[in-house]
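A.B. asks: Generate a structure from the sequence data that follows.
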Amino acid sequence: MGTVRSLHPSRRKQYRIKVPIRVDLNGRVLDTVDWSSGGFRIEGYLGPEPEETFDVTLSIPFQGYSISAEAPVILRRYEASTGTVAVEFGDVPERTRDLIDYFARGLLSGEMSNVEGAIRRLDTPVTPVETKVKRTAEELTLSYHIRRWLKYFAYLLVGLLLTWYVGSSVYYRVWRMEVTTATVAATVEELLSPADGQISEIFVGSGEWVKAGDPLFQVVDEDAMADQVTEDRRVQAAERALWEIEGRLDVEVQRLEVYRDVLEARNSASQAKLFHLQQQVRLLARERDRVQRLVAQGALSQSDVDIAEANHQAARAQAEIAMSEVEINAANLEAINQGFLFEGERLQANVPEMEVSLEMARAELLFAKQASNGRRTSEANIVVAPFDGRVATVYKSAMTTAKQGSTVLVLENTGARRVEAWLTPEESAYVKLHDTVQVDIRALGRSFEGRVMSLGTTPMDADKSRLMGKDPKLKAVIELSGLVGDDTSPAQFEAVMKELQVVDSVGLPVVVSFRRAWD
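C.D. replies: Here you go, the predicted model:
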């Protein structure tokens, strides 16, 4: 005869879920053995013994994306032999708590399941089955009337719920269309080449953060490149002319210095000669006067007077010639001091004129450089960031050619959020531009009103397409315009949008409800 044993009721407050999530514990990433909204357990931990309270990073693989959240935990059990660590969630932030509860409810209710190592939503709704304990005959007799009316009420309630469910299902299948292949994204802008030419330099790389006004890349126009070569040659010619004039001026200045030394020596000799001749003129004048007196006394003849007069005139003529030489030397020294050099009547050096030519050459060089730099600055076409953001993709590299209007790089605006929904060919037939939609970010517990701003055939990344399980045809870009709920004020909407910017919401899965356009 068999024996009947009664099992003790479970003291656990939450159901344990076997679908693994990843936990970053002290720098070691491990999968959970089981987890719930109250805590988790892992095995194979080989690190140091955890502290009584510490922080971990939870990573939930959902539909090809990894949703991460920080959570404080309390150590409840640690077995070093097996590396088992069991913890209980501590004072978890409300957002993280809602995220854990959301996935726990979805997995327990059957709305989500583990498919190929990732949690995915199921298209077929699952109604949980409630298990009821059978009553004894005595309990049936005592509670019969009460249960009968409760049953009638339950049937009525179930009928109302079923009617609402069927009506809403018909409404959503006929007039609405839910698309789950959508994610939160940041607005992007393609920055184009302003002209045909060469990309001389790219100042940023993929993934870098930039501020509004930061230079991104530089394009040199083809015609400007040819003009720039001409300007550079003009600068080189001006530099060469300036160098030649400076060299000639240095030579002339050195020549003047040599001639100055020669003239000063010659002038000194001429002055000494003049002084000697002037002394001789005075002596001969006195000799002439003495001879005239002797002639008057009858001691000498008139011929002696003529000889004395001739000697005096000859000495005087030589003195005048010496005086002219001194004046000429003085004039030449004065000319040399002013930068001129004469040899006879010919001008051999003109330093002032060369200095003027030198200043003109300097001015010509300065003008050529300014023109060259001005053309280089005006024709360089430096493209700057129009807003604060992150460089998503760089399509060109330095020293490559680019056509006017071609995309050089894509800049992601981190200050704004939008939704990108990928549509299959069947779904795209019911979506029109400027349609109003409802956007549900269930991981954050937020619902928004939105509008379809663009429909494009931009190809989806192959890995992303495979993870979404779709063959997308169109990408619908949706701009969030308001909140759905009790508080739909513009101030509350702006606050929520700022909250989306603060948290790392880019890449979160989104459910978009489109109104089917049958026309």
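A.B. asks: hang on, Val188 packs against Phe387?
C.D. replies: No: Val188 lies out of contact with Phe387 (C-beta atoms under 8 Å); the separation is 10.9 Å. In short, each C-beta sits where N, CA and C put it, glycine included.
A.B. asks: For these two, list the residues in contact with both.
C.D. replies: The contact sets of Val188 and Phe387 overlap at 411, 413 (C-beta atoms under 8 Å, 6 or more residues apart in numbering).
A.B. asks: in the stretch 51-200 of the chain, which spans are strands?
C.D. replies: Counting by DSSP state E, counting those that start in this stretch, the stretch 51-200 of the chain has strands at residues 53-62, 65-79, 84-89, 112-115, 118-121, 176-192, 197-202.
A.B. asks: Including mean pLDDT, mean neighbour count and distance to Ala154, could these go into a markdown table?
C.D. replies: As requested, these are exported to a markdown table (pLDDT from 0 to 100; neighbours: other C-beta atoms under 10 Å; distance: least, C-beta to C-beta, whole Å):
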| stretch | mean pLDDT | mean neighbour count | distance to Ala154 |
| --- | --- | --- | --- |
| strand 53-62 | 89 | 17 | 35 |
| strand 65-79 | 89 | 15 | 38 |
| strand 84-89 | 92 | 20 | 35 |
| strand 112-115 | 79 | 15 | 28 |
| strand 118-121 | 78 | 17 | 29 |
| strand 176-192 | 80 | 19 | 29 |
| strand 197-202 | 82 | 18 | 69 |
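A.B. asks: Make CSV out of those strands and add distance to Gly456.
C.D. replies: Formatted as CSV, those follow (distance: least, C-beta to C-beta, whole Å):
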stretch, distance to Gly456
strand 53-62, 26
strand 65-79, 22
strand 84-89, 43
strand 112-115, 29
strand 118-121, 26
strand 176-192, 12
strand 197-202, 26
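A.B. asks: Nearest approach to Ala330 belongs to which of the ones you listed?
C.D. replies: Nearest to Ala330, of all the strands of the stretch 51-200 of the chain, is strand 197-202, at 63.8 Å by C-beta to C-beta.
A.B. asks: List the contacts of the closest one.
C.D. replies: With C-beta under 8 Å, 6+ apart as the test, strand 197-202 has contacts from 193, 216-222, 224-225, 380-381, 394, 396-402, 408-409.
A.B. asks: Where strands are concerned, which of those residues count?
C.D. replies: In this view, the contacts of strand 197-202 that belong to strands under DSSP state E are 216-221, 394, 400-402, 408-409.
A.B. asks: In the stretch 251-400 of the chain, what residue spans correspond to helices?
C.D. replies: Counting by DSSP state H, counting those that start in this stretch, one finds helices in the stretch 251-400 of the chain at the ranges 302-337, 351-379.
A.B. asks: can you list the ones you listed in TSV and add mean neighbour count and mean pLDDT?
C.D. replies: Formatted as TSV, these follow (neighbours: other C-beta atoms under 10 Å; pLDDT from 0 to 100):
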stretch	mean neighbour count	mean pLDDT
helix 302-337	15	79
helix 351-379	15	70
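A.B. asks: Reformat the ones you listed as a markdown table; add distance to Gln280.
C.D. replies: A markdown table is the format used below for those (distance: least, C-beta to C-beta, whole Å):
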| stretch | distance to Gln280 |
| --- | --- |
| helix 302-337 | 5 |
| helix 351-379 | 40 |
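A.B. asks: out of the strands of the stretch 51-200 of the chain, which comes closest to Leu30?
C.D. replies: Closest approach to Leu30 among the strands of the stretch 51-200 of the chain (C-beta to C-beta): strand 84-89, 8.6 Å.
A.B. asks: Quick one, which of the strands of the stretch 51-200 of the chain gets closest to Val253.
C.D. replies: Nearest of the strands of the stretch 51-200 of the chain (C-beta to C-beta): strand 197-202, 44.0 Å.
A.B. asks: Can you name the next helix or strand after that closest one?
C.D. replies: strand 209-210 (DSSP states H and E).
A.B. asks: Quickly list what the residue at minimal distance from the centre of the chain is bridged to.
C.D. replies: Closest to where the C-alpha atoms of the chain average out (C-alpha atoms, centre = their mean) is Val210, at 3.3 Å. For Val210, the beta-bridge partners are Gly389 (DSSP bridges).
A.B. asks: Pull the contacting residues for it.
C.D. replies: Residues counted as contacts of Val210 (C-beta under 8 Å, 6+ apart) are 204, 216, 385, 388-391, 411.
A.B. asks: out of the residues you listed, which are buried?
C.D. replies: 204, 216, 385, 389-391, 411 (16 or more other C-beta atoms under 10 Å).
A.B. asks: Farthest pair within those?
C.D. replies: Leu216 and Arg390 (12.1 Å).
A.B. asks: overlap in contacts of these two?
C.D. replies: Counting by C-beta under 8 Å, 6+ apart, the shared contacts of Leu216 and Arg390 are 210, 411.
A.B. asks: OK, contacts around the residue nearest to Arg316 when sequence neighbours are not counted?
C.D. replies: In this structure, Arg316 finds its nearest non-sequential neighbour in Val281, 5.0 Å apart by C-beta to C-beta, 6 or more residues apart in numbering. If you count contacts by C-beta under 8 Å, 6+ apart, Val281 has them with 312, 315-316, 319.
A.B. asks: can you put those residues in TSV and add distance to Asn26?
C.D. replies: Formatted as TSV, the contacts of Val281 follow (distance: C-beta to C-beta, whole Å):
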residue	distance to Asn26
His312	126
Ala315	121
Arg316	121
Ala319	115
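A.B. asks: So of these, which two are at opposite extremes in space?
C.D. replies: Across the contacts of Val281, the longest distance by C-beta to C-beta is 10.5 Å; it joins His312 and Ala319.
A.B. asks: thinking again about what came up before, for the helices of the stretch 251-400 of the chain, which one sits closest to Arg516?
C.D. replies: Ranking the helices of the stretch 251-400 of the chain by proximity to Arg516 (C-beta to C-beta) places helix 351-379 first, at 53.5 Å.
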